[in-house]
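Enquirer: Sequence and predicted structure, then a few things I'm wondering about:
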Amino acid sequence: MPQIVGGIDPASTRAAADFFRLVTPTVHEIDARSAELAKLFCNMYRYVDFAVANEFMMITEQHGRDIYPIVEAINAGYKRGGLKTPGLTGGPCLYKDGFFLTGRIPYNELIASAWKINETVPAYLLERARGLKRIEGSKVAILGLTFKKNIDDTRNSLAFKLRKLLQAEGAAVHVHDPLVPSEPIEDALRDADLVFVAMNHDAFRGLGVDYLRRLARPDALVCDVWNLFGTGRILFSLSPS
């Protein structure tokens, strides 16, 4: 990956750049403050981008439609497309970096609103599931505990917020992540009434809906905000009907 390097003076910048050129051919040399701002801007741009996707998901469902077919139609062959798809957006950098930028600017609503949207996605998904399935007394399986796919880092992962919300509703919550010490996936899914796909690990992509049907209850509700199972729907029932 390209690296942005900023030292406290030209000599330290060159020394750091020479080091990073050992592992990447592309190094951009700027001053230290500009390098730090570049990091913050990059993370906040992505955070706002994801917040737009999550808000579009909520708006779409208000109109009785699914977000994935709409995003696919927009992005297919359209150079000005590029809309992101929804998901649980967390992690230490995306969560905290906006606070370094909002303290001294007069109009901080954009970053603040992105934080509010992304942090409320677990509660929003739970509210949507509650309208279709009884939460109290149910068995719930959460697949994925990390804040980003294919890593083992759980810092500021929204999966834990989702688990806490479900437990507060009286659900028995079981969790599985192939990269984090947790229950075996078969135990987490067996006889589950509700399945939340909290992270889009590649390990989950090949499971398929039939795999869920073999383990979860026949009428289980699945919340697949990442569309890993390819149904194009955030919420769907395993019941053939």
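Expert: Structure received.
Enquirer: Could you point out the helix or strand that follows the least confident helix or strand in the chain by mean pLDDT?
Expert: Least confident helix or strand of the chain, by mean pLDDT, DSSP states H and E, is helix 99-102 with a mean of 78. Using DSSP states H and E, the helix or strand that follows helix 99-102 in sequence is helix 109-130.
Enquirer: Now the element after the helix or strand where A73 lies, going C-ward?
Expert: A73 belongs to helix 67-75 when elements are defined using DSSP H and E. Counting by DSSP H and E, the next helix or strand C-terminal to helix 67-75 is helix 92-96.
Enquirer: What residues of the helix holding A73 count as buried?
Expert: Using 16 or more other CB atoms under 10 Å as the test for burial, helix 67-75 gives 67-68, 70-71. No exception for glycine: its C-beta is placed from N, CA and C like everyone else's.
Enquirer: With respect to A216, which of those residues is nearest?
Expert: Checking these against A216 by CB to CB gives Y68 as the nearest, at 21.7 Å.
Enquirer: Could you report the separation of the closest one from G230?
Expert: 9 Å (CB to CB, to the nearest Å).
Enquirer: How about R46?
Expert: From R46 to G230 the distance is 24 Å (CB to CB).
Enquirer: which stretches of the chain have low pLDDT?
Expert: Scanning the chain for pLDDT under 70 picks out the ranges 241.
Enquirer: Point to the residue nearest the middle of this protein.
Expert: L88 (2.8 Å; CA atoms, centre = their mean).
Enquirer: Now that one. Nearest residue, chain neighbours left out?
Expert: Sequence neighbours aside, L158 is the residue nearest to L88 in space, at 4.2 Å (criterion: CB to CB, 6 or more residues apart in numbering).
Enquirer: Confirm for me that the one you found is in contact with F147.
Expert: Yes - the criterion here is CB atoms under 8 Å, and L158 meets it with F147 at 7.4 Å.
Enquirer: what is in contact with the two at once?
Expert: G90 (CB atoms under 8 Å, 6 or more residues apart in numbering).
Enquirer: G64 - how many residues pack around it?
Expert: Counted with other CB atoms under 10 Å, the neighbours of G64 add up to 6.
Enquirer: hmm, I was thinking of A35
Expert: The number of residues near A35, taken as other CB under 10 Å, comes to 19.
Enquirer: buried ones in the longest helix along the chain?
Expert: For the chain, the helix with the greatest residue count under DSSP state H is helix 32-62. For helix 32-62, a neighbour-count test (16+ other CB under 10 Å) marks 35, 37, 40, 43-44, 46-48, 50-51, 53-58, 60 as buried.
Enquirer: What of stretch 199-212?
Expert: 199-201, 203-204, 207, 212.
Enquirer: next one: stretch 77-90
Expert: 83-90.
Enquirer: distance of the residue nearest to W226 when sequence neighbours are not counted from G87?
Expert: Nearest non-adjacent residue to W226, counting by CB to CB, 6+ apart: N200, 3.9 Å away. N200 sits 7 Å away from G87, going by CB to CB.
Enquirer: joint contacts of those two?
Expert: W226.
Enquirer: Give the bridge partners for the closest residue to R128 other than its chain neighbours, please.
Expert: Nearest residue to R128, sequence neighbours excluded (CB to CB, 6+ apart): L235, at 6.0 Å. L235 forms beta bridges with C223, as assigned by DSSP bridges.
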